[in-house]
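1. model this:
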Amino acid sequence: MEDDEKVPTPSFATFICVVAELVANEFFDQGDLEKQLKFEPIQDMMNRDKRDKLPLMQVGFIDSICLPIYEAFAMISNKLTPLLNGVKENRAQWLKLAEEKQAYSSMN
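-> Below is the predicted model of the structure:
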């Protein structure tokens with residue numbers, strides 16, 4: 001137990017971004033296969049050439065899928081409001097990353 005306390009807790013950027021990158025790589029692999037099979041059009045989230053848009057895609061996913069679900073959960077029970085707040089915090093972090101990427105891209 002004492003050793004467990006020494007393990008650092010990963011930050012949002014470390015944990016969430018790594019997980020999102022793993023999932024995105026699965027989507028990109030599917031997109032690569034779709035390109036080989038000449039399927040068109042390939043969705044942005046499966047297009048490896050649009051990898052730099054991952055943070056903005058995450059914001060879109062949260063807005064269109066996650067937020068409506070968690071808002072409904074929070075209406076069912078106030079005990080679920082912390083889950084909604086967590087989704088909103090994640091969205092804010094992804095939006096910040098998207099804005100930072102956009103600012104960096106416009107400088108180059």
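2. got the buried residues for the longest helix seen in the chain?
-> Secondary structure of the chain per DSSP state H: the longest helix is helix 81-107. Buried residues in helix 81-107, counted by 16 or more other C-beta atoms under 10 Å: 84, 87, 90-91, 93-95, 97-98. Any C-beta I mention is one placed from the backbone N, CA and C, and that applies to glycine too.
3. what does stretch 51-62 give?
-> In stretch 51-62, counting by 16+ other C-beta under 10 Å, buried: 53-59, 62.
4. Can I get these in CSV including pLDDT and secondary structure?
-> CSV is the format used below for the buried residues of stretch 51-62 (pLDDT from 0 to 100; DSSP: H, G, I helix; E, B strand; the rest coil):
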residue, pLDDT, secondary structure
53, 89, helix
54, 89, helix
55, 91, helix
56, 92, helix
57, 91, helix
58, 91, helix
59, 95, helix
62, 94, helix
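5. Closest to the centroid, which residue in this structure?
-> For the chain, the residue nearest the mean C-alpha position is residue 58 (3.6 Å; C-alpha atoms, centre = their mean).
6. residue contacts, the closest residue to that one other than its chain neighbours?
-> Nearest residue to residue 58, sequence neighbours excluded (C-beta to C-beta, 6 or more residues apart in numbering): residue 94, at 4.3 Å. Under the criterion of C-beta atoms under 8 Å, 6 or more residues apart in numbering, the neighbours of residue 94 are 55-56, 58-59, 62.
7. next SSE after the least confident helix or strand in the chain by mean pLDDT?
-> In the chain, no helix or strand scores lower on mean pLDDT, DSSP states H and E than helix 2-6, which sits at a mean of 50. The first helix or strand that comes after helix 2-6 along the chain, using DSSP states H and E, is helix 12-36.
8. and the angle for that following helix with helix 81-107?
-> Helix 12-36 runs at 70 degrees relative to helix 81-107, counting by axes from the mean of the first three to the mean of the last three C-alpha atoms, to 10 degrees.
9. Mean confidence (pLDDT) on helix 12-36, please.
-> Per-residue pLDDT over helix 12-36 has a mean of 86.
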